[in-house]
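Asker: Give me coordinates for this.
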Amino acid sequence: MRENRLRSLWKEGKAAVNGWLAIPSGFSAETMAHQGWDSLTIDLQHGVVDYQAMLGMLQAISTTATVPVVRVPWLEPGILMKTLDAGAYGVICPMVNTREDAQKLVAYTHYAPRGTRSFGPIRSLLYSGADYPQHANDTIVTFAMIETAAALDNLDDILSVEGLDAVYIGPSDLSLALGCKPAFDDVEAPVAQAIDHILARAKAHGIVAGIHNGAPKFALERIAKGFQFVTISSDARLMAAGAQQVMNEMRGGMPKPQADGTY
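Answerer: Residues are numbered from 1 along each chain as shown. Below you'll find the predicted structure:
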């Protein structure tokens, strides 16, 4: 079975640099995958990507060694199982607030006897190999998003669920939950404290901690703190930022129109 490079990096004590895909395009995903990201996450929760677009994007990512990850819309067994059947090597599940939520997430993403995932690996056999059914439980990576006050209150209960591989912090939702302005990087003090607390408790439980970032500077700082999965921006934001930079240079360098002396 094809290895999951996220697990390999984490075993070596390294951090994975993750890109974020919001544009529903196989070509866009393929272009991103060829830039050297350790993993790319297709976002089904927010934005405009649907399941069929996701499938083409997974196929495009497969042209590289980049690990395909999907953020599902919700803690719902059907979409989790169908996403894994399509070949995702990791799933990020939003709004995991209780131990029961985390137990369901683990169950839905693992075959029996460790879980309740239904058997039908269709495309994942093509991506991973014929022995996928024998190794999927130990290869797929399952992330629970910690982004609410309830999740903070139940943090140790969530982290103690056997089979949960990682947690992923959504700083914007976490900020809103704590009565602060949503932000990725320059978060307010209560949010910064909560992020540090989640990281510390994840380490104590032997769970990988991941977080969304807006800029490389903050992602590097968070790696230094101990985060092993950092997302920077998104394809849509990077495209807009690059285009804006080009246009700013063009507008700033173009000659100013000369007055013709007429009234």
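
Asker: Could you use CA atoms for every contact and neighbour count after this?
Answerer: Fine.

Asker: ok, the spatially closest residue to residue 57 that is not a sequence neighbour - contacts?
Answerer: Excluding its sequence neighbours, the residue lying closest to residue 57 (Cα to Cα, 6 or more residues apart in numbering) is residue 26, at 4.3 Å. Residue 26 makes contacts with 53, 56-60, as judged by Cα atoms under 8 Å, 6 or more residues apart in numbering.

Asker: If we only consider the residues you listed, which is nearest to residue 165?
Answerer: The closest of these to residue 165 turns out to be residue 58 (Cα to Cα; 21.5 Å).

Asker: For the strand or helix carrying that closest one, give me every contacting residue.
Answerer: Residue 58 belongs to helix 51-61 when assigned by DSSP states H and E. By Cα under 8 Å, 6+ apart, the residues outside helix 51-61 that reach it are 24-27, 29-30, 33, 40, 42, 44, 67-68, 86-88.

Asker: now these: which count as buried?
Answerer: For those, a neighbour count by 16 or more other Cα atoms under 10 Å gives the buried set as 24-26, 29-30, 33, 40, 42, 44, 67-68, 86-88.

Asker: Of those, which belong to strands?
Answerer: Among the buried ones among the contacts of helix 51-61, DSSP state E puts 40, 42, 67-68 in strands.

Asker: Farthest-apart pair in the residues you listed, please.
Answerer: Greatest spatial distance among these (Cα to Cα): 42 and 67, at 11.0 Å.

Asker: Return the backbone torsion pair for residue 172.
Answerer: The phi/psi pair for residue 172 (degrees, to the nearest 10) reads phi -70, psi -50.

Asker: nearest residue to it other than its sequence neighbours?
Answerer: residue 182 (4.2 Å).

Asker: ok, now how distant is that neighbour from residue 44?
Answerer: To residue 44, residue 182 is 20 Å away according to Cα to Cα, to the nearest Å.

Asker: Ok, residue 15 next?
Answerer: 24 Å.

Asker: what do you get for residue 203?
Answerer: From residue 203 to residue 44 the distance is 28 Å (Cα to Cα).

Asker: cool, residue 66 as well?
Answerer: Counting by Cα to Cα - residue 66 and residue 44 are separated by 19 Å.

Asker: try residue 250
Answerer: According to Cα to Cα, residue 250 and residue 44 sit 36 Å apart.

Asker: Please apply the same query to residue 106.
Answerer: Applying Cα to Cα to residue 106 and residue 44 gives a distance of 19 Å.

Asker: got it, and residue 119?
Answerer: Residue 119 sits 22 Å away from residue 44, going by Cα to Cα.

Asker: Look at residue 209 and tell me its secondary structure.
Answerer: strand (DSSP: H, G, I helix; E, B strand; the rest coil).

Asker: doesn't residue 199 make contact with it?
Answerer: Yes - Residue 209 lies in contact with residue 199 (Cα atoms under 8 Å); the separation is 6.0 Å.

Asker: And the pLDDT for the most centrally placed residue in the chain?
Answerer: Nearest residue to the geometric centre of the chain (Cα atoms, centre = their mean): residue 41, 4.7 Å. Reported pLDDT at residue 41 in the predicted model: 98.

Asker: Any stretches of the protein with poor pLDDT?
Answerer: 259-263 (pLDDT under 70).

Asker: if I pick the residue nearest to residue 171 when sequence neighbours are not counted, what's in contact with it?
Answerer: Distances taken as Cα to Cα, 6+ apart place residue 184 nearest to residue 171, at 5.3 Å, with adjacent residues excluded. Taking Cα under 8 Å, 6+ apart, we find residue 184 in contact with 170-172, 212-214.

Asker: which residue ranges form the helices in the chain?
Answerer: 5-11, 26-33, 51-61, 77-85, 99-108, 122-128, 132-139, 149-153, 155-159, 171-177, 189-205, 216-225, 235-253 (DSSP state H).

Asker: Now that we have these, can you turn them into CSV and tack on distance to residue 114?
Answerer: Listed next are the helices of the chain as CSV, based on distance: least, Cα to Cα, whole Å:
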stretch, distance to residue 114
helix 5-11, 19
helix 26-33, 32
helix 51-61, 26
helix 77-85, 14
helix 99-108, 7
helix 122-128, 19
helix 132-139, 8
helix 149-153, 24
helix 155-159, 17
helix 171-177, 31
helix 189-205, 20
helix 216-225, 32
helix 235-253, 36
